[in-house]
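Undergrad: Task: produce atomic coordinates for the following.
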Amino acid sequence: MEAINRHAIKWIYEAGQVIREAMSQPLTIDTKSNRNDLVTSMDRNIEQFFAERIRATYSDHLIYGEEGYGDEVTSLQGIVWLIDPIDGTMNFVHQKQHFCISIGIYKDGIGEIGLIYDVVADILYKAMRGKGAYKNDKRLPNLTKEQALEDSLIGMNHHWLCDNRIADKAAMQQLVKTVRGTRTYGSAALEFAYVSEGILDGYMALGLSGWDVAAGMVLVSEVGGMTTDIDGSTVDLLSKNAILVCNSAVRTRLMEEFIKPGRKME
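TA: As a prediction, the model looks like this:
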């Protein structure tokens, strides 16, 4: 895995440079599932960039990517790269910041490598299984095990308060009132990175795909955090999931007092 990790880091920095050099150029912007689900020519170009290098170097590896340059992946057996070439495309289009490249590398279903690169800030969050997590070259400490939910900062977006899949929105409203504050950054991978760094104490999201969370799950695991779907089950990286990732100190209260009541489906 060391050689794979070195290649992945080299390529992610190269891809970041490609993005920075092209950010001032006109983009082709399309939509996918709805008008807010944006995809740009840069998303496609960067995924193709990784696909070409992975296939040339590791012909037996599979690629599970968002933009169509990957393989038809039906299981995580073998070595699979889960790639989001630009996570936070809306931020990329509108703000030219708060987006990242996210790469998770899994072997037989186990997360081995997680890389999340904040392109504009030039910050690489990186982790290898059993070897800790880092922000650039600074090792991230384990997450605290003693913290009140009332003192916590939680990443969540407006969908928890208005989505029709949440039957008891009062539980979500009470959560917002209970915690110290909530934040929305518009990039699932970056929010995972912030949990691993300890600057968010948890993150909740609906409808995330494997390429959104694969890298972050490795990072968070390496600092003692936990990622499940919001029913507490193992995340299926080949499907969409509602996700809870957090410091274990606040997990029980989030689940029992707020998420389970709010999760009663209509």
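
Undergrad: make it CA atoms for all contacts and neighbour counts henceforth
TA: Will do.

Undergrad: List the backbone torsions phi and psi for the closest residue to H61 other than its chain neighbours.
TA: Closest residue to H61 apart from its sequence neighbours, by CA to CA, 6 or more residues apart in numbering: I79 at 5.2 Å. Per-residue torsions, I79: phi -110, psi 120 (degrees, to the nearest 10).

Undergrad: per-residue confidence at S41?
TA: At S41, the pLDDT value in this model is 80.

Undergrad: wait, I meant A3
TA: 96.

Undergrad: distance of it from K10?
TA: 11 Å (CA to CA, to the nearest Å).

Undergrad: neighbour-wise, which of the two wins?
TA: The neighbour count for A3 versus K10, taken as other CA atoms under 10 Å, is higher for K10 (11 against 8).

Undergrad: Okay, now the unreliable bits of the chain?
TA: For the chain, applying pLDDT under 70 flags the ranges 26-40, 162-167, 261-266.

Undergrad: how's it carved up into domains?
TA: 2-139, 149-262 (automatic domain parsing).

Undergrad: which of the ones you listed sits most buried?
TA: For the domains of the chain, the largest average neighbour count (mean count of other CA atoms under 10 Å) is found in domain 149-262, namely a mean of 20.

Undergrad: Can you verify my assumption that N5 contacts G114?
TA: No: in this structure, N5 is not within contact of G114 by CA atoms under 8 Å, at 9.0 Å.

Undergrad: how about I230, what does it touch?
TA: Taking CA atoms under 8 Å, 6 or more residues apart in numbering as the criterion, I230 is in contact with 242-244, 255, 259-260.

Undergrad: can you tell me how far it sits from E66?
TA: In terms of CA to CA, I230 sits 23 Å off from E66.

Undergrad: which phi and psi does the residue nearest to Q174 when sequence neighbours are not counted have?
TA: Computed as CA to CA, 6+ apart, the closest residue to Q174 that is not its neighbour in sequence is F258, at 7.7 Å. The phi and psi values for F258, taken as degrees, to the nearest 10, are phi -130, psi -50.

Undergrad: just checking, next helix/strand downstream of whichever strand or helix holds E112?
TA: With secondary structure defined by DSSP states H and E, E112 is part of strand 110-118. Per DSSP H and E, the first helix or strand lying C-terminal to strand 110-118 is strand 123-128.

Undergrad: and after that following strand, which helix or strand comes next?
TA: Counting by DSSP H and E, what follows strand 123-128 is strand 133-135.
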